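Colleague: take this sequence and fold it.
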Amino acid sequence: MQGYSSKQIGIPQDDIGDMSRLLANFFLQDHDREMSKRAAKRKAGYFRFADDQLFSAGSAEDCTALLVEASKSLHGINLSINSGKVTHFSSRGDFELYWCFDLFELLEDLTNEIQVHKAIDLYLRLIEKGVSFRKTSALRRLLNIDFSILKATHRDVLEREFLQSEFLSHLRPFELQRLRKNLGDDERLFRQLDDIAGTILFNSYLYNLISLYREHRKDYDLAVLYEYVQRLKL
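Modeller: Residues are numbered from 1 along each chain as shown. As a prediction, this is how the structure comes out:
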């Protein structure tokens, strides 16, 4: 893939759409069958979406045992579990909170201002309480809101959240364009994007930025971003 650093495993998801998920579903069929059997023996559940695996069991011990068995199964096909991304939940409520199901449900109808404001209030409560949840996923969904319906206080807080480096670094070109449209302040957005361009350690962000700037910032010297890309490829 042009511009991406050479890697032994993995493909860039942004440029190949759902190919990574399709390949995972094809390649992991035997693994899925085996883990479903092992989970059933422990009266537990097993579910996988792309590279996310979920075990639900009556005890933490059973979940840990299944995780070890899954690791061994994946090792047999030259794959491994990223231990840094393993998350344990003590209840279904904690699991649903982490995946923001309530927030997503409130945002099913983005024209319903009452529900939208409730969703934003829920997001802000989770932040205030220091709850562990998929913040980037939640912000991605909130990015679809029509900013014209927002309360001034909600808008100010969300804009600060949207302009955080961690969130910006995950946005694809069409999401960056949506953020640009919602903010209505190119100078502010471009300044933040420029500031973090030299600090992000993966070039998918840089290529997303190049795509945005080529279309919507024609006076910008793209050579600056290409230089950052070359540094990451060294």
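Colleague: confidence score at the residue lying farthest from the centre of the chain?
Modeller: Distance from the C-alpha centroid of the chain peaks at Lys41, with 32.7 Å (CA atoms, centre = their mean). According to the prediction, Lys41 has pLDDT 96.
Colleague: in a helix, Glu61, correct?
Modeller: Yes - under DSSP: H, G, I helix; E, B strand; the rest coil, Glu61 falls within a helix.
Colleague: and it, how many neighbours?
Modeller: 10 (other CB atoms under 10 Å). From N, CA and C alone the C-beta is placed, and that goes for glycine too.
Colleague: shift numbering so it begins at 713
Modeller: Right, with 713 as the first residue, what we last looked at is Glu773.
Colleague: for Ile908, give me its contacts.
Modeller: By CB atoms under 8 Å, 6 or more residues apart in numbering, the contact list for Ile908 reads Ser877, Leu880, Ser881.
Colleague: same thing but 6 Å
Modeller: Ile908 sits next to Ser877 when contact means CB atoms under 6 Å, 6 or more residues apart in numbering.
Colleague: now Val869
Modeller: For Val869, the contact set (CB under 6 Å, 6+ apart) is empty.
Colleague: can you give me the helices in this protein?
Modeller: Per DSSP state H, the chain carries helices over the ranges 725-728, 731-739, 741-753, 772-787, 804-810, 813-818, 825-841, 847-854, 864-874, 877-880, 885-895, 898-909, 915-928, 935-945.
Colleague: which of those is buried the deepest?
Modeller: helix 915-928 (a mean of 20; mean count of other CB atoms under 10 Å).
Colleague: turn the helices of the chain into CSV, including distance to Val798.
Modeller: Converted to CSV, the helices of the chain look like this (distance: least, CB to CB, whole Å):
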stretch, distance to Val798
helix 725-728, 21
helix 731-739, 18
helix 741-753, 15
helix 772-787, 7
helix 804-810, 13
helix 813-818, 20
helix 825-841, 21
helix 847-854, 18
helix 864-874, 26
helix 877-880, 20
helix 885-895, 27
helix 898-909, 28
helix 915-928, 24
helix 935-945, 27
